[in-house]
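Participant: With the sequence up front, the predicted model follows.
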Amino acid sequence: MDAAADAILAARRAKRILAPLGAAAPAHPEAGYAVQHAVAQALGAVPPAGFKIGATTRQMQDYLGLSGPAAGFVPRASLHASGAEFRFSDFLNPGVECEIGVRLGQDLPAGPTTREQAAAAVVEVFPAIEIVERRYGDLAELGTPTLIADQVFHALGVLGAPMAGWQGLDLGAARGSFYVGGKLVGSGHGRDLLGHPMEALAWLAGSGAARVFGGLRAGQVVWLGSVTPPIWLDGPCEVIADFDLLGQARLRFV
């Protein structure tokens, strides 16, 4: 486990593609989450500031070759307010995702969770953008457990303003339109996230990530998944996630 975590962290420091881990590679998803926890410990991110969920849409599962969602921890350094600027050169093959995010107002223990239980734990809902990095070569060669260990592409993210009265909104019908450099590059709906955003949160509570980190905690932020495929970027630009029911999140690469 330590050898896998060390290899992941060394690749990040060097800003290079993560090679397959060979004998050190986790053999199955649960082992991948255990390595992810070791990475979080090395970064001083236990407990984490939150989580990201990847591949909550069938489209993304097909894109990544996954049979279901996967989750990664989010350190405090990942949390940025909408409007933040980032240096494009600081990232390795960056991309962006159009997301719905939540903040928890109460703990969610690790284990089977209903949509209703998940929703009851949420205190804020907001538009969000996740910055991801294409840190991998052949995903089939790398393997899903190693992808999980490396936080499933996560780099950083921004959070829009919370939407008042979200409990009265049909979050499944919320439509997100994604703009890069002023051009519409994709769109999707909250229902694309496992049928409903709160179903995605319920999945997370029952996931291997929740188990290794001791459940979900009040105050943590969760990126629930992207309603569009990742948009890989060629250079500096402005990025806007515009949800008809939730408002906007934006960032700029310079």
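Facilitator: The structure has been received and is ready for your questions.
Participant: make it CA atoms for all contacts and neighbour counts henceforth
Facilitator: OK.
Participant: Run a quick neighbour tally on residue 42.
Facilitator: By the measure other Cα atoms under 10 Å, the count of residues near residue 42 is 14.
Participant: hey, where'd the strands end up in the stretch 101-250 of the chain?
Facilitator: Secondary structure of the stretch 101-250 of the chain by DSSP state E, counting those that start in this stretch: the strands cover 122-133, 154-159, 175-180, 183-189, 221-226, 231-232, 237-243, 247-253.
Participant: What are the contacting residues of the fifth one?
Facilitator: When contacts are taken as Cα atoms under 8 Å, 6 or more residues apart in numbering, the neighbours of strand 221-226 outside the stretch itself are 49-57, 97-104, 128, 130, 193, 197, 200-201.
Participant: if we can go back for a sec, so which of the strands of the stretch 101-250 of the chain is nearest residue 28?
Facilitator: Nearest to residue 28 among those is strand 154-159 (19.8 Å), distances taken as Cα to Cα.
Participant: Can you list the strands that the closest one pairs with?
Facilitator: Its sheet considered, strand 154-159 pairs with strand 79-81 (parallel), strand 122-133 (antiparallel) by DSSP bridges.
Participant: from the ones you listed, which stretch is densest packed?
Facilitator: Mean neighbour count (mean count of other Cα atoms under 10 Å) peaks for strand 122-133 among the strands paired with strand 154-159, with a mean of 24.
Participant: before we move on, back to that, now distance to residue 41 and mean pLDDT too, for the strands of the stretch 101-250 of the chain, in CSV please.
Facilitator: Converted to CSV, these look like this (distance: least, Cα to Cα, whole Å; pLDDT from 0 to 100):
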stretch, distance to residue 41, mean pLDDT
strand 122-133, 21, 98
strand 154-159, 16, 97
strand 175-180, 34, 98
strand 183-189, 35, 97
strand 221-226, 18, 96
strand 231-232, 29, 96
strand 237-243, 31, 98
strand 247-253, 29, 98
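Participant: now, of those, which is deepest in the fold?
Facilitator: strand 221-226 comes out most buried of the strands of the stretch 101-250 of the chain by mean count of other Cα under 10 Å, with a mean of 29.
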